[in-house]
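> Just to be clear, the model below is a prediction. Sequence and coordinates:
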Amino acid sequence: MDHLSSLPPEALIEAKRMERMKQWEEKLKQLDEVKDTQGKGVEPGIKETVAVFQLLGLPTKQSCEGHINEPGRPYPWVRFQSTGAMPQKYDESKLQALADTYQVPREDLFELPKDQPVVQDFLRHEKEFFNPKFQEWVSANEAIANRVEALLSDYYMATENTISKMLVVKRNEAGVSDLTIGPNFLGEKVTSQDINPQELSQYQERLNVYQEAVKSFTEYLKTQFMSN
């Protein structure tokens, strides 16, 4: 028997809220233990964003709170990617068959000039050479990106904070996606290394706005998580 279902409505709401709060605190503690290959942890300015996405079932791969005085991008971002390593992109047997058809060594296939018939044939039908496991991985990434976009769309409909509407979801060809700042809101300098000392104050102000936009979206998602 579900003990929560027997509670009065007010007590049930409070019990669910407490359970959500426990999950939230546990997730933050879990992220405190996460380190990248350089031994760096999840940055404080983006940790709650990463936490809420993971609690909503959206796997994150990388993140950054944004920097102007060290390597990286001068704006915050979170990357989403399906769990597990990326499978081999192409079906090796199909590539070998293509190479045999044109009588070229398989190992030379990606080294030949683009005007070679075998390369043109490959480029025209590239997706037909994809490994099925890779296609499944791409589809999983696309599904994740779709969910992030849906959450962002719901947020935009619910908020009057125009500053926050600078957020977008960008995808690469493998469906891996970033929640980031839209290009129309970025300055000309897209990495912190491009910023000269005279521009630091200007870009610090921009970074503060970018971080506020991400924080506002994070608070919206956290409210959704806590109330459902």
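Noted; the coordinates are in hand.
> shaky segments in the protein?
Confidence mapping of the chain against pLDDT under 70 gives the ranges 1-7, 162-164, 186-193.
> residue ranges for the strands of it, please.
60-64, 77-80, 167-171, 177-181 (DSSP state E).
> deepest of those, which one?
strand 177-181 (a mean of 24; mean count of other Cβ atoms under 10 Å). Glycine gets a C-beta too; all of them are placed from N, C-alpha and C.
> Enumerate the positions of stretch 37-53 that are buried.
For stretch 37-53, burial by neighbour count (16 or more other Cβ atoms under 10 Å) applies to 42, 45-53.
> Farthest pair within these?
Farthest apart among the buried residues of stretch 37-53 by Cβ to Cβ are Gly45 and Phe53. That separation is 14.8 Å.
> wait, which of the buried residues of stretch 37-53 is closest to Ile68?
Gly45 (12.7 Å).
> and that closest one, what does it touch?
For Gly45, the contacting residues are 65-66, 76, 211, by Cβ atoms under 8 Å, 6 or more residues apart in numbering.
> Any of those residues buried? List them.
Neighbour counting by 16+ other Cβ under 10 Å classes 65-66, 76, 211 among those as buried.
> Out of the residues you listed, list just those in helices.
Using DSSP state H, Gln211 are the members of the buried ones among the contacts of Gly45 that sit in helices.
> Any chance of a markdown table for the buried ones among the contacts of Gly45, columns distance to Ala97?
Shown next, in a markdown table, are the buried ones among the contacts of Gly45 (distance: Cβ to Cβ, whole Å):
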| residue | distance to Ala97 |
| --- | --- |
| Glu65 | 48 |
| Gly66 | 47 |
| Pro76 | 46 |
| Gln211 | 51 |
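> Nearest to Phe225 among the buried ones among the contacts of Gly45?
The closest of the buried ones among the contacts of Gly45 to Phe225 turns out to be Pro76 (Cβ to Cβ; 19.5 Å).
> List of residues touching stretch 136-154?
Contacts of stretch 136-154 (Cβ under 8 Å, 6+ apart): 53, 56, 58-59, 80-82, 84, 86-87, 167-169, 171, 174-177, 179, 217, 221, 224.
> residue contacts, the residue of the chain most remote from its centre?
If you look at how far each residue of the chain sits from its centre, by Cα atoms, centre = their mean, the farthest one is Gln103, at 41.6 Å. Counting by Cβ under 8 Å, 6+ apart, Gln103 touches no other residue.
> Distance check, it against Gln211.
Separation of Gln103 from Gln211 (Cβ to Cβ, to the nearest Å) stands at 57 Å.
> Also Asp154?
Using Cβ to Cβ, one obtains 21 Å as the distance from Asp154 to Gln211.
> And Gln202, by the same measure?
Distance from Gln202 to Gln211, by Cβ to Cβ: 15 Å.
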